[in-house]
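Peer 1: coords please:
(chains A and B, ligands or ions: 2)
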Amino acid sequence: MPPKPTRTLVVDNGSYTIKAGFAAENAVPEDCLQVPNCLARARDKRVLVGQQLDSCRDFGSMSFRRPVEKGYLVNWEAEKEIWDRTFLDSDSKLQCDPRQTVLLLTEAPNAPSALQSNCDQMVFEEYEFSAYYRCVGPTLIPWNNIGALYTPDYNPSTNPPAEACLVIDSGFSHTHITPIINGQLWNSGVRRIDVGGKFLTNYLKEMVSLRTYNMMEEPYLVNQVKESVCYISTDFSGDLEKCKALKNSANPIVVDYVLPDYNSGKLGHQRAHIPKKLGSARDDEQVMVLGNERFTVPELLFSPTDVGLKQSGIPETVIQSLESVPERYRNLLLANVVVVGGNANIPGFLDRLQSELQPLAPSDAIVRIAKPEDPITYTWQGGVALALDKAEMKRRQVTRAEYLEYGTAWCAKKMAGEAVSGSETKTTETKEGRSHKKRRVDDS
Amino acid sequence: MPTIEVLPSSSTTSGPNWTYSNLPPALAHRNTLPVATRVRATRNNNFENSAARQRQINTRILELENDNYRDVNIPIPVKGKGGRSSNRTKASSTQNVRRILASQKTFANHLADEEALHPSVTGSAAATPSHPTSGLLDAQVLQDEEDAGQPLGYMAAASAPPTKPKRVFCEICGYWGKYRCQRCAARYCGLECGAVHTDTRCNKFYA
Ligand SMILES: [Zn+2]
Ligand SMILES: [Zn+2]
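Peer 2: Ligands and ions are numbered 1, 2, ... in the order given. Take a look at the predicted model:
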């Protein structure tokens, strides 16, 4: 008998960063390690892997290889290199012996089944984790105390998950709208908008390259510029008119971004606009002036057709999603909207969403939208909460012994909450249907 | 005009081996239409709705999803001399693991496989089977209209197009694109940006 598993490693495996850490009581966002999920090649041809990127100071003309493509784990050759260094190397904070570790791993909704079984095979055959639960990332959100997001002193009388929760997860690759009812993903209501952080960065890159500096080979820098200056306007037409009518020097929207100097190690930063003729700009700095780019770029989240992408923006897509959910849950979901992912941090996101979603919602609906303190690690935090519920984890996870006995198809079914036969735990799972109602009856 | 800077004719140097360039992107011509299409476009008032135009838009959207401007091949770094790599190298790996690690399939490849395996009603998320027909579900559950259902699949989960009309913007300054170039269909806001377009950008790069 192998030694009993002692720890659970929670991994939110995003396309931009891996959010990972061990489950522990009173875990805080700082317990979550954020590892760039990429191989990066610098100008000097050095290849940096994952966490090594944190010590890099020269991002000029850097190119990237990302194992997670469009939000889905596609390339295991690259992912294994990053995972090995993150989870196996003795000098890593998250070094563990997989044979004594349970892995809780996220995936994006609607993953192709071949990618899911590749993942399961790598987890059990290459890493040999003792047990494993693969689930759709946003389903972990209701395990957090989401009531406290709306009412700070809210203290749930019952354990999570919250009854209904509409998660808007806007990350690097895409934006997903995911209704979750009684802890279960409402599959028919899941919608995706193909606009994410990378899309916005590339759009800004294209824009500034046509208008100011050629930044086509500087995705890292343009991403920093985006994070520093972009905001979502609550008065798009008004702001656009302002940028047309006002001189730069009189326009509060216009800002300067002082470009980093990788030779001297000076970092880039935003500052108030200084007109060139005043001569106060220093000779040794190069400045990118940004006006309407600041809000026309993240506007794509609310209006993808601005760039020709034939999809609705977030508010309309939320309504499309709700139309696939039984009517009696719709108001409940609208009153429990949670926004997560890196784009949730763009200033103005919540105000804009609130102002556009309320008029689209049923007249008797109260739209409540919350952004957690750290929208990037909130999924991971939910994973920690689930992992600490030992009984629930046991019900959901698949052990290595089960994998070896029953194979990938059986494991995929069990992790998807479907009926399986012959489980080690000898529960009444053969009777358990997909319906959350049925399941809750069985559980009680 | 808030966003047009008067650019120096050549880039300034900020160091011995590093500078930001004001020169237009080297590959900006990639979006140039074949000459024949361009001539046709000149005569075709419906170019905005044409298949060629749609192809252009699709190409641009794909470019906005790229990780790098150019195609790059970044190999896994060669393992260092230290003992670090040795404890990561397993003595034997299974056939599955070898196959997965050797796979160079892209997401598009996997998506095509998945569609071949389980064809979905493309672009119509509403037309989903309301009930999975699994023999394991009892009659009561089958009658339950509140079933979370099976995953829709990647294609069917895409957001549907909006009902609002598409907005158009000046490609030069980002203001509303009231006018359309007669030669290449690019949008601009007025005389000033129209002239900049004709002088510097016409037929080069637009969307
Ligand atoms: Zn203009
Ligand atoms: Zn033109």
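Peer 1: use CA for all of it now, contacts and neighbours both
Peer 2: Will do.
Peer 1: and the residue of chain A found nearest ligand 1, helix, strand or coil?
Peer 2: Across chain A, no residue is closer to ligand 1 than residue A:244, which sits at 8.6 Å (CA to the ion). The three-state assignment at residue A:244 reads helix, by DSSP: H, G, I helix; E, B strand; the rest coil.
Peer 1: and it, how many neighbours?
Peer 2: 20 (other CA atoms under 10 Å in any protein chain shown).
Peer 1: so it versus chain B, what's the distance?
Peer 2: 6 Å (CA to the nearest CA, to the nearest Å).
Peer 1: ditto for residue A:204
Peer 2: Residue A:204 is 10 Å from chain B, where distance means CA to the nearest CA.
Peer 1: next one: residue A:171
Peer 2: For residue A:171, the distance to chain B - CA to the nearest CA - is 13 Å.
Peer 1: do residue A:71 as well
Peer 2: 9 Å.
Peer 1: same check, this time on residue A:184
Peer 2: From residue A:184 over to chain B (counting by CA to the nearest CA), the distance is 7 Å.
Peer 1: beta partners of that residue?
Peer 2: With DSSP bridges as the criterion, residue A:184 is bridged to residue A:181.
Peer 1: contact partners for the nearest residue to residue A:42 once chain neighbours are set aside?
Peer 2: Leaving aside its chain neighbours, residue A:42 sits nearest to residue A:62 (4.7 Å; criterion: CA to CA, 6 or more residues apart in numbering or on different chains). With contact taken as CA atoms under 8 Å, 6 or more residues apart in numbering or on different chains, residue A:62 is in contact with A:40-43, A:217-220.
Peer 1: tell me which of the residues you listed fall in helices.
Peer 2: Applying DSSP state H to the contacts of residue A:62, the entries found in helices are A:219-220.
Peer 1: ok, of the contacts of residue A:62, which one's closest to chain B?
Peer 2: Nearest to chain B among the contacts of residue A:62: residue A:217, at 5.9 Å, using CA to the nearest CA.
Peer 1: I'd say residue A:213 and residue B:21 touch.
Peer 2: Yes. In this structure, residue A:213 is within contact of residue B:21 by CA atoms under 8 Å, at 5.8 Å.
Peer 1: what are the boundaries of the helices in chain B?
Peer 2: B:35-43, B:51-64, B:95-102, B:107-117, B:139-143, B:191-196.
Peer 1: could you dump the ones you listed to JSON lines with mean neighbour count and mean pLDDT?
Peer 2: Listed next are the helices of chain B as JSON lines, based on neighbours: other CA atoms under 10 Å in any protein chain shown; pLDDT from 0 to 100:
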{"stretch": "helix B:35-43", "mean neighbour count": "14", "mean pLDDT": "45"}
{"stretch": "helix B:51-64", "mean neighbour count": "16", "mean pLDDT": "89"}
{"stretch": "helix B:95-102", "mean neighbour count": "15", "mean pLDDT": "95"}
{"stretch": "helix B:107-117", "mean neighbour count": "15", "mean pLDDT": "92"}
{"stretch": "helix B:139-143", "mean neighbour count": "13", "mean pLDDT": "38"}
{"stretch": "helix B:191-196", "mean neighbour count": "15", "mean pLDDT": "93"}
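Peer 1: now render those as CSV, adding distance to chain A.
Peer 2: Shown next, in CSV, are those (distance: least, CA to the nearest CA, whole Å):
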stretch, distance to chain A
helix B:35-43, 19
helix B:51-64, 5
helix B:95-102, 5
helix B:107-117, 6
helix B:139-143, 7
helix B:191-196, 11
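Peer 1: out of these, which gets nearest to residue A:84?
Peer 2: Closest approach to residue A:84 among the helices of chain B (CA to CA): helix B:95-102, 13.4 Å.
Peer 1: output stretch A:77-88 as PDB - backbone C-alpha positions only.
Peer 2: The C-alpha trace of stretch A:77-88 is given here as PDB (Å, rounded to 0.1, in the frame of the first residue of the first chain):
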ATOM      1  CA  GLU A  77       5.800  18.700 -24.500                       C
ATOM      2  CA  ALA A  78       5.900  22.400 -23.400                       C
ATOM      3  CA  GLU A  79       3.600  22.000 -20.400                       C
ATOM      4  CA  LYS A  80       5.600  19.100 -19.000                       C
ATOM      5  CA  GLU A  81       8.700  21.200 -19.000                       C
ATOM      6  CA  ILE A  82       6.900  23.900 -17.000                       C
ATOM      7  CA  TRP A  83       5.100  21.500 -14.700                       C
ATOM      8  CA  ASP A  84       8.300  19.600 -14.000                       C
ATOM      9  CA  ARG A  85      10.100  22.700 -12.900                       C
ATOM     10  CA  THR A  86       7.100  24.000 -10.900                       C
ATOM     11  CA  PHE A  87       6.000  20.800  -9.200                       C
ATOM     12  CA  LEU A  88       9.000  18.500  -9.100                       C
END
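Peer 1: do you know the pLDDT at residue 118?
Peer 2: Went with chain A since none was named. At residue A:118, the model reports a pLDDT of 97.
Peer 1: to clarify, I was referring to chain B.
Peer 2: 78.
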